[in-house]
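Novice: 3D model of this:
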Amino acid sequence: MNQLQHITDPKIIRVGRIGYINVAPVYYGLEQAGTPSHIRLISQPPAVLNRMMEQGMIDISPVSSAAFARNHHDWSLLPNLSISAFGKVMSVLLVSNHPLEKLENRNILLSDESASAADMLKLILSWKKIFPQFETGAIHPDNSSTWENHDAVLVIGNSALTGGWQNRFQYVYDLGELWKQVTGLPFVFAVWAVRKTFARENSRIVTDIAGHFERSKQLGRMNMPEIRKAASNLLNLDPNECRTYFEKLQYGLGHFELQGLKTFYQGLYAEKIVPERVKLSFFPTLIQGKKTKSLIGPESAYILSGYMKSINRQKAALLNLGLIHLPLPLKKVFPQLLHLFRQGRP
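Specialist: Numbering: from 1, shown residues only. Below you'll find the model as predicted:
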């Protein structure tokens, strides 16, 4: 069945899914146990899902963090869901014929599939006082005419993992690693958002779907060997490379991911990449201007409980290190903190 068929049916909740292997752990439970009949999963590249959310064609979806910045008045975040990485991410690459510092006034082709990666690159280069010429378009590893006339190319997703770009370009930069070098923080590539108008009218449905995501993600964590094997077979990736890739990805949205996200948004505004400051709002914080204490059912309580436990563990780790009084981000001790959190977080 065409995945876009019946997406205007008011009885169907339209839920986006990024068409890359990186979201497989989040959707594992939904796809293996069977998606509830009232949920229609729509798989598309990130940029397409961004546009569908903007146009009201889907109700809940992973969206690029850059898209959220431009739609923060209309969208709210679902708790404890993101695609993040602290350091090397492997699937977001700048490949270049020249070293980074030599890209001034040179032309860079940006993938048209992700707004976050493009804005992240623009921000990092702006911080480094490097101002190239940007062009956006489709990038296909097997069609050299799409990229061979450019000095550098930003590639993302499955194409970055399988394109053999190190054999085509002299310099390969992992944007997750560049972000870590500049900020000492993780980068949040995508978040899960709900349209505020939909959430106000369907708060219990959104709570239920958030619960489905939380359980699905937990099942994904418990079945990573199966997920890695499927991804390896699908993309013909070396199993060890596939394992390394998934080990670098984080799917929560805790305190330090939020610090990275806020740093990104502050930078976008300061460098005039977005026109206004970004305000973060979470479902189910506000519904029609009122606190949702009376609307929080078992699913919401379950989700928020897990989210607060994660934050409390992070605070405990800070106390144990004697660092709770220091301002964040804690760039010098971040690797040690991250190690503690990965051991203890849900």
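
Novice: Roughly how far does the closest residue in space to I227 that isn't next to it in sequence sit from I124?
Specialist: Spatially, and ignoring its direct neighbours in sequence, I227 is nearest to A24 (4.9 Å; Cβ to Cβ, 6 or more residues apart in numbering). C-beta: built from backbone N, CA, C; applies to glycine. As judged by Cβ to Cβ, to the nearest Å, A24 and I124 stand 28 Å apart.

Novice: and S84, that's in a strand?
Specialist: Yes - under DSSP: H, G, I helix; E, B strand; the rest coil, S84 sits within a strand.

Novice: Now for it: which residues touch it?
Specialist: Neighbouring residues of S84 by Cβ atoms under 8 Å, 6 or more residues apart in numbering: 186-189, 249-253, 257, 260.

Novice: Leaving out chain neighbours, which residue sits closest to A33?
Specialist: Nearest one to A33, counting by Cβ to Cβ, 6+ apart, is L219 at 7.4 Å.

Novice: How many residues are close by that neighbour?
Specialist: 17 (other Cβ atoms under 10 Å).

Novice: coming back round to it: what count of nearby residues applies to the residue nearest to I227?
Specialist: 22.

Novice: Enumerate every residue touching it.
Specialist: So A24 contacts 220, 227, 230-231 (Cβ under 8 Å, 6+ apart).

Novice: Tell me the buried residues in the helix or strand hosting it?
Specialist: Applying DSSP states H and E as the criterion places A24 in helix 24-33. Neighbour-count burial for helix 24-33, counted by 16 or more other Cβ atoms under 10 Å, picks out 24-30.

Novice: just checking, next helix/strand downstream of it?
Specialist: strand 39-44.

Novice: Buried residues in that next one, which are they?
Specialist: Across strand 39-44, burial judged by 16+ other Cβ under 10 Å covers 39-42, 44.

Novice: Indicate each strand paired with that strand and its parallel or antiparallel sense.
Specialist: Here strand 39-44 is paired, per DSSP bridges, with strand 13-18 (parallel).

Novice: centre of the chain versus the strand it pairs with, how much separation?
Specialist: 15 Å (Cα atoms, centre = their mean, to the nearest Å).

Novice: got a list of contacts for that strand?
Specialist: 7, 23, 27, 38-46, 49, 52-53, 57-63, 83, 190, 202, 205, 209.

Novice: Any of these buried? List them.
Specialist: Neighbour counting by 16+ other Cβ under 10 Å classes 23, 27, 39-42, 44-46, 49, 52-53, 57-63, 83, 190, 202, 205, 209 among those as buried.

Novice: how far away is the residue nearest to I227 from G157?
Specialist: 13 Å.

Novice: all helices in the chain, in order from the N-terminus.
Specialist: 24-33, 46-54, 65-70, 115-127, 157-162, 175-183, 196-201, 203-222, 224-235, 239-248, 255-270, 298-320, 334-344 (DSSP state H).

Novice: Nearest to D142, out of those helices?
Specialist: helix 157-162 (9.8 Å; Cβ to Cβ).

Novice: which parts of that closest one are buried?
Specialist: Quick answer for helix 157-162 (16+ other Cβ under 10 Å): 157-161.

Novice: And it, what does it pack against?
Specialist: In terms of contacts (3 or more Cβ pairs under 8 Å, 6 or more residues apart in numbering; DSSP states H and E), helix 157-162 is packed against helix 224-235.
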